[in-house]
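Chemist: using only what follows, build the 3D model:
(one chain, ligands or ions: 3)
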Amino acid sequence: MSFAGIIVNNEALAMDMIFTYKVPEAMEVSVGQRVKVSFGQGNKKIDGFVLKITENVPENIKRIKEIHSVYPEIYFDEDKVDFIEEIRRRYLSTYLDAIKLLIPRGILNGMKYKVSEKLYHIKEADGRYEKEPYLGILDLVKKNQGNFIKADISKLGFSLSSVNTLIKHGYLTVMSENDYRYNVDEFEDYKAKNLNKEQSYGVEKISSALGTYLLHGITGSGKTEVFLELIRRNIEKGYDSIVLLPEISLTPQMIERFKGRFGKDITIFHSRLSDGERYDEWHRVRSGKVKIAIGARSALFLPFKNLKLVVIDEEHESTYKSEMSPKYNAKEIAEYMMKRNEGQLILASATPSVESFHRAENKEIELITLSERATSASLPQMDVVDMRDELLSGNRSIFSNRLMQKITETLERKEQIILFLNRRGFSTFVSCRACGFVFKCENCDISMTHHRDNSLMCHQCGARKYLPKTCPSCQSKYIKQFGTGTEKVEAAIRQAFPSARVMRMDRDTTKQKSSYETMYNDFKNNECDILIGTQMISKGLDFKDVTLVGILAADLSLNLPDYRAAEKTFQLITQVAGRAGRGDKPGEVIIQTYSPENFAVLSAKSHDYMGFYRREIQMREVLKNPPFSKLLYLVFSSEDEQLLIKNTQYLGGLLRKHLTKYDNMILLGPGPCIISKIKNSYRWQVLIKGDIKEETALEIRNLIHDEMKNLYKEIKVSMDINPNSMM
Ligand code: ADP
Ligand code: ZN
Ligand code: ZN
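Modeler: Ligands and ions are numbered 1, 2, ... in the order given. You can find the predicted model right below:
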């Protein structure tokens with residue numbers, strides 16, 4: 001008799017355990033299979049996943065129910081069980097959330113594999129079938145062997161029953177084939193380059209030993225060529241490779257390069273795929289048909305059998321940390337996976353994260369450096385403009401005089417311009433000058449952004465309303481808009497340069513699936529002179545005619561309430577600047593800022609990563625911020641504010657008491673989050689900082705679970721280890 005340990009499809013924290021069910025005699029079940037079981041007192045049928053199979057008879061054998069039924073597909077192999085437990089432990093998630101990483105999204109909503117019955121011609125007509133309509137049908141199928149289904153034939157004017165007759169008598173046959181929903185475009189060959197000295201040194205070094213590598217190369221130094229070569233070698237040995245890119249760098253250009261080098265049998269896995277497309281890609285990988293996946297963070301969990309190489313490009317990007325449970329860090333998980341598989345992890349960036357570079361300095365991982373651009377292009381000329389001077393000299397516009405002049409010159413030379421501002425909308429907030437009232441979202445505690453169509457929009461929950469003519473608080477008419485978003489930049493540019501062709505790329509203009517590609521191609525084909533955009537245009541774009549880049553407000557990221565503010569600013573300036581002068585013509589970058597003396601701005605200006613890093617790592621050490629500590633960020637949220645405050649304060653007290661037994665650990669809070677309300681849910685936080693060991697984090701989790709068990713419907717708890725942002 002065998003028994004199965006099952007994780008049920010129920011989100012509640014109290015259900016986060018392994019339930020034992022009996023496997024009926026006649027049933028075959030394996031680990032990773034989805035099953036239906038009766039659950040709870042009402043014996044409701046719910047789905048579950050098999051995590052373990054055992055022959056040991058459990059103690060409370062009498063109360064054990066049987067598995068009701070099994071689904072045919074196996075979603076993960078036995079060797080993934082450790083992985084699931086590791087994720088749950090490391091990131092304090094539930095089993096179910098960890099399992100969901102491994103199964104194609106949409107599965108639990110009844111997603112099906114698309115199959116079609118394709119027609120094949122077997123033999124020529126003879127006897128009584130040697131006449132119409134049979135001859136016509138046979139001829140059609142023969143000419144389109146394997147391409148038509150029955151419905152296609154009947155669309156061409158033949159009856160379905162004649163087709164069926166031919167099948168019945170063995171002239172035609174149908175075969176079920178998986179219909180993949182992916183695109184099979186052909187790509188131009190992208191020939192391998194002759195690697196330069198630094199590149200070949202890097203490739204040989206990495207090929208010589210297993211482990212984790214940090215590939216630090218300035219923008220345009222040919223990092224991509226290095227990992228294309230490493231992938232080629234990996235494939236040659238019959239192994240699988242994954243390349244992770246930030247969502248926004250999954251540009252057509254990047255895809256062209258990979259498909260152009262390795263052919264079309266590559267999985268491209270990004271968030272714009274539908275659930276069905278994701279399911280298909282998952283299957284293609286599982287069936288062993290593809291050896292390379294390129295994608296956003298979730299591509300890491302595709303079911304490869306022999307994964308030996310993971311490349312994480314732009315490794316400093318925050319998108320590698322998940323904001324949803326499990327709040328995993330793809331870099332850590334990739335490293336864990338590659339250790340287990342005896343493979344390699346390559347972290348690549350022009351501006352490595354302070355954490356990764358620190359690890360390289362400590363020789364935990366190996367550093368490979370590419371210090372020169374691979375082509376003859378030189379790094380762009382960088383200019384900092386102090387916007388306070390502009391104001392003093394009477395220029396109140398968004399653009400400095402210098403930038404205006406450069407835009408004019410660049411347009412005259414018929415070259416292209418990129419203007420970067422990391423804020424969408426028209427004005428960033430609207431307030432009343434008579435009484436100081438600020439328009440805030442009714443559901444969230446943030447000010448609403450004014451858009452061009454005269455609406456106010458909450459960038460947190462998407463709520464929208466029209467801007468009234470008078471102040472809701474004092475009825476005055478002195479309502480004024482403050483701050484600048486990309487829409488205002490676009491309007492100002494169109495006014496100043498009426499004959500220039502202008503495009504704006506941000507979340508508002510790229511909502512449609514293809515709009516990004518269309519804009520991208522227009523810019524590539526020189527059908528646009530000035531591209532204005534947010535973060536979305538900060539990387540991945542490699543266009544030879546872009547010779548001017550304007551960074552309109554370098555300070556935006558400096559003023560974030562985040563210990564990584566300087567790091568993010570340095571990275572952003574460097575990345576955006578790297579779009580300029582990639583071809584033969586020299587590039588120029590204008591950085592507009594109110595803090596020209598800031599070291600992040602100054603180091604970016606002089607292309608000085610090491611200068612930036614030295615100073616930043618010292619501050620981290622003094623302030624005991626990561627990598628010199630770990631953070632555990634707890635957010636409690638509820639629609640009932642009083643209940644939330646009462647319980648968070650109580651829990652805060654308990655945690656504080658619990659932590660007294662550890663040195664080097666501090667607890668900040670409880671207190672309201674910076675964004676104290678989102679979608680009508682109030683939010684309170686606790687931050688624990690210090691040398692937090694895995695066991696300590698687990699103790700804290702268990703303590704919270706125990707205390708909150710009966711309140712799980714009213715109060716949601718989020719636990720995040722080293723979060724991206726604490727707002
Ligand atoms: P990175 O990823 O470091 O930004 P890329 O790999 O995109 O750099 O390379 C930048 C440019 O240099 C690309 O146009 C690429 O084709 C070219 N390139 C890279 N390596 C070489 C090489 N060894 N010889 C010639 N051109 C190269
Ligand atoms: Zn007012
Ligand atoms: Zn809102």
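Chemist: chain center to the longest helix that the chain contains: distance?
Modeler: Ranked by residue count under DSSP state H, the longest helix found in the chain is helix 641-659. Helix 641-659 has its C-alpha centroid displaced from the chain centroid by 33 Å (C-alpha atoms, centre = their mean, to the nearest Å).
Chemist: residues in contact with it: which ones?
Modeler: 636-638, 665, 667, 669-670, 682, 684, 686, 688, 699-700, 703-704, 707-708, 711, 714-715 (C-beta atoms under 8 Å, 6 or more residues apart in numbering). The way it works is simple: take the backbone N, C-alpha and C, and place the C-beta from them, glycine included.
Chemist: then stretch 376-389?
Modeler: For stretch 376-389, the surrounding residues in contact (C-beta under 8 Å, 6+ apart) are 218-220, 373, 400, 402-403, 549, 577-578, 580-584, 586-594, 596, 601-602, 604-607.
Chemist: among those residues, which are in helices?
Modeler: R402, L403, A577, V601, L602, A604, K605.
Chemist: for the residues you listed, work out which two are farthest apart.
Modeler: L403 and L602 (19.0 Å; C-beta to C-beta).
Chemist: neighbour-wise, which of those two wins?
Modeler: The residue with more neighbours, out of L403 and L602, is L403; 23 against 17, by other C-beta atoms under 10 Å.
Chemist: please look at that one and E588 and confirm they touch.
Modeler: No. Using C-beta atoms under 8 Å, L403 makes no contact with E588, being 10.3 Å away.
Chemist: pLDDT weak spots in the stretch 151-300 of the chain?
Modeler: 176-187, 248 (pLDDT under 70).
Chemist: sorry, back to before: just the buried members of the contacts of stretch 376-389?
Modeler: Neighbour-count burial (16 or more other C-beta atoms under 10 Å) applied to these gives 218-220, 373, 400, 403, 549, 577-578, 580-583, 587-593, 596, 601-602, 604-605, 607.
Chemist: show me what from the stretch 401-550 of the chain comes close to ligand 1.
Modeler: Applying C-beta under 6 Å from any ligand atom, we find that the stretch 401-550 of the chain lies next to ligand 1 at D542.
Chemist: nearest spatial neighbour of the residue in the stretch 201-350 of the chain positioned nearest to ligand 2, skipping sequence neighbours?
Modeler: Evaluated by C-beta to the ion, the stretch 201-350 of the chain has E323 as its residue closest to ligand 2, separated by 36.0 Å. The shortest distance from E323 to any non-neighbouring residue, by C-beta to C-beta, 6 or more residues apart in numbering, is to N724 (6.8 Å).
Chemist: what of R297?
Modeler: Nearest residue to R297, sequence neighbours excluded (C-beta to C-beta, 6+ apart): A330, at 4.5 Å.
Chemist: which residue does the stretch 551-700 of the chain have closest to ligand 3?
Modeler: Of all residues in the stretch 551-700 of the chain, K679 sits closest to ligand 3, with a separation of 6.4 Å (C-beta to the ion).
Chemist: burial count for that residue?
Modeler: Neighbours of K679 using other C-beta under 10 Å come to 14.
Chemist: quick check: it vs ligand 2, distance?
Modeler: As judged by C-beta to the ion, to the nearest Å, K679 and ligand 2 stand 26 Å apart.
Chemist: what sits against that residue?
Modeler: K679 touches N443, C444, Q460, C461, counting by C-beta under 8 Å, 6+ apart.
Chemist: which two of those residues have the greatest separation?
Modeler: N443 and Q460 (8.0 Å).
Chemist: doesn't L119 lie inside a strand?
Modeler: Yes. L119 sits within a strand when classified using DSSP: H, G, I helix; E, B strand; the rest coil.
Chemist: can you tell me how far it is from ligand 2?
Modeler: Distance of L119 to ligand 2, given as C-beta to the ion: 72 Å.
Chemist: right, and that residue touches V174 too?
Modeler: Yes. The pair L119 / V174 is scored as a contact, 5.8 Å apart, by C-beta under 8 Å.
Chemist: now the residue of the stretch 351-500 of the chain found nearest ligand 1. Nearest residue, chain neighbours left out?
Modeler: Going by C-beta to the nearest ligand atom, ligand 1 is nearest to A374 of the stretch 351-500 of the chain, at 3.4 Å. Take A374 and drop its neighbours on the chain: the residue closest to it by C-beta to C-beta, 6+ apart is G222, 3.4 Å away.
Chemist: span of stretch 585-594 from start to end?
Modeler: With C-alpha to C-alpha, to the nearest Å as the measure, stretch 585-594 spans 30 Å from end to end.
Chemist: contacts for that stretch?
Modeler: Taking C-beta under 8 Å, 6+ apart as the rule, stretch 585-594 contacts 377-378, 380-388, 399-400, 402-403, 406, 415, 544-555, 573, 576-577, 579-581, 601, 604-605.
Chemist: same question for stretch 94-110.
Modeler: For stretch 94-110, the external contacting residues (C-beta under 8 Å, 6+ apart) are 7-11, 13, 15-18, 34, 47, 49, 51, 75-76, 80, 83-85, 87-88, 111, 275-276, 278-279, 282, 298, 301, 303, 325-326, 328.
Chemist: can I get the buried part of those as one PyMOL selection?
Modeler: Paste this into PyMOL to select the buried members of the contacts of stretch 94-110, with burial taken from 16+ other C-beta under 10 Å:
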select buried, resi 7+8+9+10+13+15+16+34+47+49+51+75+76+80+83+84+87+88+111+276+278+279+282+298+301+303+325+326+328
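Chemist: helices - which of the contacts of stretch 94-110 land there?
Modeler: F83, I84, E85, I87, R88, D275, G276, R278, Y279, W282.
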